[in-house]
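> Next one to model:
(one chain, ligands or ions: 1)
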Amino acid sequence: MRALIAGTGGYLPARSVSNDELAAWKGLDTTDSWIAERTGIRCRHIAAEGETASDLGARAALAALAQAGAGVEEVDAILVATSTPDSAFPATAVRIQGKLGITRGFGFDLAAACTGFVYALGVADALIRTGQARGVLVIGTEVYSRILDWTDRGTCVLFGDGAGAVFLRGVAAEHAGGRGLLSSHLHADGRFGDILHVDGGAGSNGGTGVVRMAGREVFKHAVTKLAAAVDEALAANGLGHADIGWLVPHQANLRIIEAMGKKLHLPLERVVVTVDRHANTSAASIPLALAEATRDGRIQRGDLVVMEAIGGGLTWGATLARF
Ligand code: UT7
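Model prediction:
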């Protein structure tokens, strides 16, 4: 079996907050130019009061199903990557199942911070290849605004809220024409757990922990580990840099994204960038970028798409897909 990306969808909360607004609104000692020059971020979306990860995720899921032309009866499993679940349990995936009116199949959440969507794609691919599910919704959804220390200018300006989803449809390999998820390459190294972590319980519906990050330390790991994961994925499929159609990277910092483009010998026009408008939406950033680039016609059928991410854990990884 092969897992085809049959549909993509994204959802952003209505309210967009610019750097200037944020500085004025939260009274932070920061400037638009510092944020834009160091990160490429110009604004981010912030969820409305009471809007949770399952609310955002359900909307993104419906958009992905609509693009796939799939009804909810096709959904056998829902995987949600999130660091801001509605609550410890029920899983946000099952909350979303309820919101979509689905009463069969199964769902669970997966915690790998900003790498969550890449991890979830790897798990969903395995479920499909082993025949445990045929239609799988993979959702990244985050309400980071609820787990930020709004007095810490070193972290709070970097993140935003949003959700993205893909609907994967299993098809027999002989009918896939080489399309679908090719492979996922997942990594973790717990020795670096403290350089990016949440210092307490977290949830999109009220929690006690906030994000703590030694940004410069994380930065040092990012490009080397991401480039190695992408090269590992390409080599596993007998492919090289010249085969890449699009890079859809995790959107944490434009400087990291540009450095990855250079490492992979890709011009910036072949890299999907949303960090300027979305900031870092953690597990939601890749599926949000995918939704944008499939809807505006940049990503076309047959294109080889590379997805990569690094985040708290440290966790990192890369997935290759032929659209
Ligand atoms: O998604 C998970 C993965 N996360 C990442 O990939 C993040 C990786 N790290 C980064 O993107 C960058 O390290 C940051 C954007 C977080 C920070 O950029 P930096 O160039 O590493 O800056 P820095 O943390 O070394 O701080 C430089 C200066 C400091 O002032 P002093 O000590 O030089 O006087 C900070 O206090 O900038 C100051 N600063 C700020 N100034 C204005 C830190 N945050 C701000 C701010 N506004 N928001």
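
> residues touching the closest residue to Ile35 other than its chain neighbours, list them.
When the adjacent residues along the chain are set aside, Ile35 lies closest to Asn19, with 4.6 Å between them (CB to CB, 6 or more residues apart in numbering). For every residue, glycine as well, the C-beta is placed using N, CA and C. The contact partners of Asn19, taken as CB atoms under 8 Å, 6 or more residues apart in numbering, are 30-32, 35-36, 41-43, 157.

> quick one, phi psi at Asn19?
Backbone torsions for Asn19, taken as degrees, to the nearest 10, come to phi -60, psi -50.

> Show the residue spans covered by the strands in the stretch 151-300 of the chain.
161-171, 180-188, 196-198, 211-213, 246-249 (DSSP state E, counting those that start in this stretch).

> tell me the most buried of those strands?
strand 161-171 (a mean of 28; mean count of other CB atoms under 10 Å).

> Would you tell me whether that one gets close to the ligand?
No: under the criterion of CB under 6 Å from any ligand atom, the ligand is not reached by strand 161-171; the shortest gap measures 13.6 Å.

> re earlier: quick one: the residue nearest to Ile35 from Asn253, how far?
14 Å (CB to CB, to the nearest Å).

> just Glu174 next, same as before
42 Å.

> higher neighbour count, those two?
Legend: neighbour count by other CB atoms under 10 Å for Glu174 and Asn253, higher for Asn253 (21 against 7).

> Let me see the confidence value for that one.
The model reports Asn253 with a pLDDT of 98.

> Please shift the residue numbers so they start at 2 in all later answers.
Sounds good: first residue 2 from here, last item Asn254.

> How about the contacts made by it?
39-41, 159, 220, 223, 276, 281.

> quick one: low-confidence parts of this protein?
Applying pLDDT under 70 to the chain flags the ranges 203-204.

> hang on, the earlier thing: which among the contacts of Asn20 end up buried?
Neighbour counting by 16 or more other CB atoms under 10 Å classes 31, 33, 36, 42-44, 158 among the contacts of Asn20 as buried.

> near the ligand, from those residues?
31, 36, 158.

> which among those gets closest to Arg16?
Nearest to Arg16 among those is Val158, at 16.0 Å by CB to CB.

> Dihedrals phi and psi, the residue nearest to that closest one when sequence neighbours are not counted?
Excluding its sequence neighbours, the residue lying closest to Val158 (CB to CB, 6+ apart) is Ile36, at 5.1 Å. The phi/psi pair for Ile36 (degrees, to the nearest 10) reads phi -60, psi -50.

> again with Val119
phi -70, psi -40.

> count of neighbours near the closest residue to the ligand within the stretch 152-301 of the chain?
Residue nearest to the ligand within the stretch 152-301 of the chain: Gly216 (2.8 Å; CB to the nearest ligand atom). Gly216: 16 surrounding residues under other CB under 10 Å.
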